[in-house]
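**Q** below are the sequence and a predicted model for it; my questions follow.
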Amino acid sequence: MGKSNLDLVCECDNFPYYEDDRASYTANLTNYHTFKVTGYDATLGYILNSVVEKFPWSPNCWAIDSTARTVTLVAPANADPALRSKLVAESIAEAVRQDKFEVLRGWRNEKYPVYGPGGEFLLDMERCASPLFGIVSYGAHMTCYVEDAQGLKIWVPRRARNKQTYPGLLDNTVAGGMCTDEKPFECIIREAMEEASLPEAAVRAATVSRGCVTYSHVRDARAGGETGLIQPEVEYVFDLKLDSQTIPTPGDNEVEEFKLLSIPEVQEALARGEFKPNCANIMIDFFIRHGYLTPENEPDFLEIVARLHRRLEYPTASHCAR
């Protein structure tokens, strides 16, 4: 028997819920240290204890409290985001120099932002280091589809088999992480050109914003590198209806191929566990929005919808373009 839709959602949103089992949730947190920044009373992420033990923390800018299980970036009271980012970057560079963590071997040269209360931008850090600190990351995913006499079909890519993360699994048509100062729509435009060779003008003209999906994921071996790292994420969701002449093609080395699959074919691939976990979530969200999953045909409908929109326990940011 294959995986149910709820199985897939729970596989992605797999960090425990306090409301489900308070004792278990509290016990689970003993495996982590809380990531904080001086001057801000907020949990910015959870760092696995084994990471805390191995990381080359500089005593000049980090305070480790083993009793309270906190790791605090210590910066001057007048520190700005640039200074905080510099301190973090120096520490990460030392971890790279000492080859402390496998995840840091997948250097992306992209910066992910860290936000404090009220969405204040506090600092940014190298993308591949973000799971070590357990910070909230942001991304944009788009489902491209066509409709013909046979019904709706979805363009589904297969990830390159030499990728560090989730090699060979199925993905959403276009997807990518949002770097510091990047807005969701501009991210999806960039990724559509880079990953799927889709013309910018067509994407700008027809792409429709469809909300977001949120979850808190604990990484397993498929993610590449250390396991047990917490990766809370916000994924902005977009749809793009294509004509039959517009065919996504790999534009970089991250995608092996694109295939046009019917809804039953996508559902079967989901049940076989062929999709990257968060991409399965995005696909299930697409099925709900387009009426393929309904309260009448899905017994776990309410639980699925709730789990696709987890309220994260960290400060988050608005990406409203002002």
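**A** Everything's here; your move. Residues are numbered from 1 along each chain as shown.

**Q** got a list of contacts for the lengthiest helix in the chain?
**A** In the chain, assigned by DSSP state H, the helix with the most residues is helix 81-97. Under the contact criterion C-beta atoms under 8 Å, 6 or more residues apart in numbering, helix 81-97 has outside partners 37, 55-58, 61-62, 73, 75-76, 101, 104, 107, 111, 121-126, 129. No exception for glycine: its C-beta is placed from N, CA and C like everyone else's.

**Q** can you select the buried ones among the residues you listed for me in ChimeraX?
**A** Of these, the buried ones go into a single ChimeraX selection, burial set by 16 or more other C-beta atoms under 10 Å:
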select :37,55,57,61,62,73,75,101,104,111,121,122,123,124,125,126,129
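
**Q** so which residues of this structure form strands?
**A** With DSSP state E as the criterion, the chain has strands at 32-37, 40-48, 62-65, 70-73, 111-115, 121-126, 137-148, 151-159, 174-177, 208-218, 230-241, 255-262.

**Q** average pLDDT for the longest helix of the chain?
**A** The average pLDDT within helix 81-97 is 98.

**Q** residue 133 against residue 48, yeah?
**A** No: when contacts are counted by C-beta atoms under 8 Å, residue 133 is not listed as touching residue 48 (9.9 Å).

**Q** now residue 20: how far from residue 34?
**A** 21 Å (C-beta to C-beta, to the nearest Å).

**Q** show me which of the two is the more surrounded one.
**A** It is residue 34, of residue 20 and residue 34, that has more neighbours when counted by other C-beta atoms under 10 Å, with 18 against 8.

**Q** quick check: that one vs residue 284, distance?
**A** For residue 34 relative to residue 284 (C-beta to C-beta), the value is 31 Å.

**Q** and what of residue 88?
**A** Distance, residue 88 to residue 284, using C-beta to C-beta: 35 Å.

**Q** compare neighbour counts for those two and give me the winner.
**A** More crowded of residue 88 and residue 284, by other C-beta under 10 Å: residue 284, with 26 against 23.
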